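J.: Quick one, structure for this:
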Amino acid sequence: RHGNRGGGIGLRSAAASAGVAFDYRGRSIKGRSLREAYRHGNRGGGIGRRSAAASAGVAFRLSGSKRPFRGLLESTGTSSAIVAARTTGTPKNAVALPAAASSSDNRIPIDAHTLESIRLEVLSVIPESLYSVALAIIGSDTVRLMHEVGYYEEENSNGSGSGDGSSSSGSGSSILASLSRISIADGRSEETDAEKAERRVQELISALQTLVQGVGSVHRTIESWEEAQAALSEVLILPGEIEDIRRAEEARKLQEEAKEEEDEARQQEEFAAPSRRGGRGTIAAFIARSAKLRSSGKVQVIKRNLSVKKYAGLIQLAQLDSQRKFKQLTCTSIPPPIAASAADDEASLPSPGVVAQSSILSPSQRMDRLIDQRFQEAEAAARAKERVEAERQDAEIAAREEREEAEAAAAEAANRASSLLRPLTEEEQEIVRDAIYGIGPPDEVLATSDTDSVQRQSLHKLQPGVWLNDEVIHYFLLMLARRDAKLCEEHPSRKPCHFFKSFFITKILDDGRGYRYANVKRWSKKVPGKDIFNLDRIFFPVNVGGMHWTVAVAFMQEKRIQFFDSMCGSGIEYLEALFRYIKDEHKAKKGSPLPDEDEWELVECRPDTPQQENGFDCGVFTCMFCDFLSTDCPLNFSQEHITQCRERIALSVMKGVAIE
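T.: Numbering: from 1, shown residues only. Below is the predicted model:
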């Protein structure tokens, strides 16, 4: 194919190097045929280093001998071969590129990732024939994908690389991209990224098909990766060879830079020569020569040699600075003479044989000292002003952020509170009326859950102005536990809560006789996971003296036990008893003392806890404390919401789960 392009369609094939060419019969050619052959040799065989031509499967050396080359490459399925003929030496200043850089090398370059995918594919099939190994590589989706991805990586590295031409991969990606485009015809229309990537894959497949179609591929056995690598190198340019090309490219760039530096030095010498001779018109000659060289793009501006215009500009700047200093001094009275500092005295000590300078500053020195002092004062004032302004802005930003956080928390609390105290639908109101005001036997059971139940007479206590009994409170806590279990199912990362009955406090205090852990040692077996230390919150309802309901809550993850009382009682005795229970539970179940005992906090009832305004709503407040805190909602309810809270309790009991 290469010979046909250069020397005619099957009639003439030629190669040229160093100005000498031969046709396919070995006879020298001249004139137009020589020019065609020389141009063809440079395009096909490299830059004056090697060139070749082939036709009908026969290759010739420059001497005209028909003896084939040792490096003749067989191309299956065609009637021609492309080979490289060695010449005598290289032109001056020519860069000796590796064989992979020659345009007569039709091998396909691949990157390290593609080579690794090929290696894995080969190791999965060997020992096998070269024919089967090549087919396995062609059929591998991983090899195709890595080779296609390699195109985008090359394009990205070429488009966004560092300005000095360095690459972090060190594999010569720019050269790899150039090699992959060697065979593209000049008349080809611009391709999209997808088309270029697809073309890369097709080139790789075509190269591998050469191995499949090669003579002896069926009988050639591949038993190791090294043998496979040697076979692949016949059609592929492996990453190690690409690195050699990269180093050669860097050497070429260094030679070009050295030549540019020599040209620059020669130009400077040419410019300095007329000046030394003292001839007339040297400036004009220099300007004309500089303009000519700059238009040709061969000269860079030498920064250390200032132009006439730039030098004049610097002089004008110095004059303006002197005028500004003079105006400042004329508007300010000159202070009395200032004695030189000790540093100035030491710096001005006379040398042997030199007259000592005066210890009094000269007028110009005093002027400079005054100007420097004014500049320092102005800079200090500006910095102080900037600090004050920065502090003001920081304080304003912090205050705004705190205000926004407080507003967001208030809005979130209002939304959650409104969802808990939402108006009931007409159907829900009918259920509540029948439960609270319905007519029927007082001992009629209206709700049942396992061993717990609620009778009609107990639900009648949810009417306004009536005390709640323990049957309603315990059953409502059971409904809260059901809702909590449902929330934990919906959100697996959520830690569960547990609701003890009021009998827990009665047992642990032994009916007022004192603390006894043995009475409640087995109660933790009923908690979720049978481990209270894996819970989020534990609720302990307390019936104080048989006439007032409160609740203590242990925040296990926050290491805090807090008392909630609608009459703002202290509850310290209950807090201390529960803290002793937690320590004893850890020692009994974990086998060691509570490790972070000093970090726990006992919090008595706080003043911002919602307070009742009568003597009969304490049970409702206790139920609402448990309802709101179990869903991590702020206690945004008051006495005016209690009637609605009673209806909410009744609806939760009748529905079998606390409403959301």
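J.: mind pulling up the phi and psi values for the nearest residue to residue 438 once chain neighbours are set aside?
T.: Distances taken as CB to CB, 6 or more residues apart in numbering put residue 456 closest to residue 438, at 6.8 Å, once the chain neighbours are dropped. Where C-beta positions appear, they are placed from N, C-alpha and C, glycine not excepted. The phi/psi pair for residue 456 (degrees, to the nearest 10) reads phi -60, psi -40.
J.: swap in residue 497?
T.: According to degrees, to the nearest 10, residue 497 has phi -110, psi 160.
J.: Show me the beta-bridge partners of it.
T.: residue 537 (DSSP bridges).
J.: pretty sure it is touching residue 627, no?
T.: No: with contacts counted by CB atoms under 8 Å, residue 497 stays clear of residue 627, the gap being 11.3 Å.
J.: burial count for residue 571?
T.: Neighbourhood size, residue 571 [other CB atoms under 10 Å]: 23.
J.: One more: residue 207?
T.: Neighbours of residue 207 using other CB under 10 Å come to 20.
J.: Am I right that it sits in a helix?
T.: Yes: per DSSP: H, G, I helix; E, B strand; the rest coil, residue 207 lies within a helix segment.
J.: per-residue pLDDT, residue 610?
T.: Confidence at residue 610, expressed as pLDDT, is 94.
J.: so what's it up against?
T.: Each residue near residue 610 by CB atoms under 8 Å, 6 or more residues apart in numbering is listed here: 566, 621, 624, 635, 637-639.
J.: Likewise for residue 534?
T.: Contacts of residue 534 (CB under 8 Å, 6+ apart): 495, 528, 556.
J.: for the closest residue to the last one other than its chain neighbours, what are its contacts?
T.: Put plainly, it is residue 556. Spatial nearest neighbour of residue 556, chain neighbours left out: residue 535 (5.2 Å); criterion: CB to CB, 6+ apart. When the contact criterion is CB under 8 Å, 6+ apart, the partners of residue 535 are 495-498, 527-529, 556.
J.: Of these - the most surrounded one?
T.: residue 497 (26 neighbours).
J.: Could you measure from that residue over to residue 452?
T.: Remark: distance between residue 497 and residue 452 (CB to CB, to the nearest Å) = 18 Å.
J.: repeat for residue 594
T.: 33 Å.
J.: Neighbour count for those two, which is higher?
T.: Under the criterion of other CB under 10 Å, the comparison of residue 594 against residue 452 puts residue 594 first, with 18 against 13.
J.: So the more buried one belongs to a strand, correct?
T.: No: Residue 594 is assigned coil when assessed by three-state DSSP, not a strand.
J.: max-length helix in this protein?
T.: Counting by DSSP state H, the longest helix found in the chain is helix 363-420.
J.: In the helix or strand following that helix, which of the residues would be classed as buried?
T.: Downstream of helix 363-420, the next assigned helix or strand under DSSP states H and E is helix 426-437. Using 16 or more other CB atoms under 10 Å as the test for burial, helix 426-437 gives 428, 431-432, 434-436.
J.: dump the residue contacts of the spatially closest residue to residue 123 that is not a sequence neighbour.
T.: Distances taken as CB to CB, 6+ apart place residue 225 nearest to residue 123, at 6.3 Å, with adjacent residues excluded. By CB under 8 Å, 6+ apart, the contact list for residue 225 reads 119, 122-123, 126.
J.: Look up phi and psi at the residue nearest to residue 556.
T.: Dihedral angles (degrees, to the nearest 10) for residue 535: phi -90, psi 160.
J.: distance of residue 426 from residue 432?
T.: 11 Å.
J.: Same check on residue 212?
T.: For residue 212, the distance to residue 432 - CB to CB - is 83 Å.
J.: What of residue 199?
T.: Residue 199 is 76 Å from residue 432, by CB to CB.
J.: same thing with residue 249?
T.: Relative to residue 432, and taking CB to CB, residue 249 is found at 87 Å.
J.: mean confidence for the helix or strand harbouring residue 249?
T.: Under the criterion of DSSP H and E, residue 249 resides in helix 239-277. Mean pLDDT, helix 239-277: 74.
J.: Buried ones in it, by neighbour count?
T.: Under 16+ other CB under 10 Å, the buried positions of helix 239-277 are 239, 241-242, 244-246, 248-249, 267, 271, 274.
J.: Output the contacting helices and strands for it.
T.: Helix 239-277 sits against helix 173-180, helix 282-295, with contacts defined as 3 or more CB pairs under 8 Å, 6 or more residues apart in numbering; DSSP states H and E.
J.: do that again at 10 Å, thanks
T.: Other helices and strands packing on helix 239-277, by 3 or more CB pairs under 10 Å, 6 or more residues apart in numbering; DSSP states H and E, are strand 108-109, helix 112-123, helix 173-180, helix 282-295.
J.: Just the C-alpha atoms of whichever helix or strand residue 136 is part of, please, in CSV.
T.: Element membership of residue 136, judged by DSSP H and E, is helix 130-138. Written as CSV, here are the backbone C-alpha positions of helix 130-138 (Å, rounded to 0.1, in the frame of the first residue of the first chain):
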residue,chain,number,x,y,z
LEU,A,130,-2.1,-17.5,19.5
TYR,A,131,-5.3,-17.8,17.3
SER,A,132,-7.5,-18.4,20.4
VAL,A,133,-5.7,-15.9,22.5
ALA,A,134,-6.2,-13.1,20.0
LEU,A,135,-9.9,-14.0,19.5
ALA,A,136,-10.4,-13.9,23.3
ILE,A,137,-8.9,-10.4,23.5
ILE,A,138,-11.1,-9.3,20.6
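J.: Save the buried residues of helix 426-437 as TSV, and put in distance to residue 113 and pLDDT too.
T.: Converted to TSV, the buried residues of helix 426-437 look like this (distance: CB to CB, whole Å; pLDDT from 0 to 100):
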residue	distance to residue 113	pLDDT
428	65	90
431	68	93
432	70	92
434	74	92
435	72	92
436	75	92
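J.: so where's this protein uncertain?
T.: Residue ranges of the chain with pLDDT under 70: 1-105, 150-190, 270-360, 413-414, 416-420.
J.: before we move on, back to that, quick one: common contacting residues for residue 497 and residue 627?
T.: 480, 483 (CB atoms under 10 Å, 6 or more residues apart in numbering).
J.: Check which helices and strands the longest helix of the chain sits against.
T.: helix 308-330, helix 618-630, helix 642-655.
J.: Surely the residue nearest to residue 438 is in contact with residue 463?
T.: No: counting by CB atoms under 10 Å, residue 456 does not reach residue 463; the two are 12.0 Å apart.
J.: what do the two both touch?
T.: residue 436.
J.: So for those two, which sits in the more crowded spot?
T.: residue 456 (19 against 12).
J.: residue contacts, that one?
T.: Shown in contact with residue 456 (CB under 10 Å, 6+ apart): 434-436, 438-447.
J.: Pick the one among those closest to residue 395.
T.: Each of the contacts of residue 456 was checked against residue 395 using CB to CB; the closest is residue 436, at 54.9 Å.
J.: Might you report the residue contacts of the closest one?
T.: Here residue 436 is in contact with 456, 459-464, 466, 646-647, 649-651, 654 (CB under 10 Å, 6+ apart).
J.: rerun at 6 Å
T.: 462-463, 650 (CB atoms under 6 Å, 6 or more residues apart in numbering).
J.: And residue 406, how close does it get to residue 395?
T.: Distance from residue 406 to residue 395, by CB to CB: 16 Å.
J.: can you pull out the strands in the stretch 501-650 of the chain?
T.: Shown for the stretch 501-650 of the chain, the strands assigned by DSSP state E, counting those that start in this stretch span residues 537-544, 548-555, 560-564, 601-603.
J.: Just put these in CSV and tack on mean neighbour count.
T.: Below are these laid out as CSV (neighbours: other CB atoms under 10 Å):
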stretch, mean neighbour count
strand 537-544, 21
strand 548-555, 22
strand 560-564, 22
strand 601-603, 15
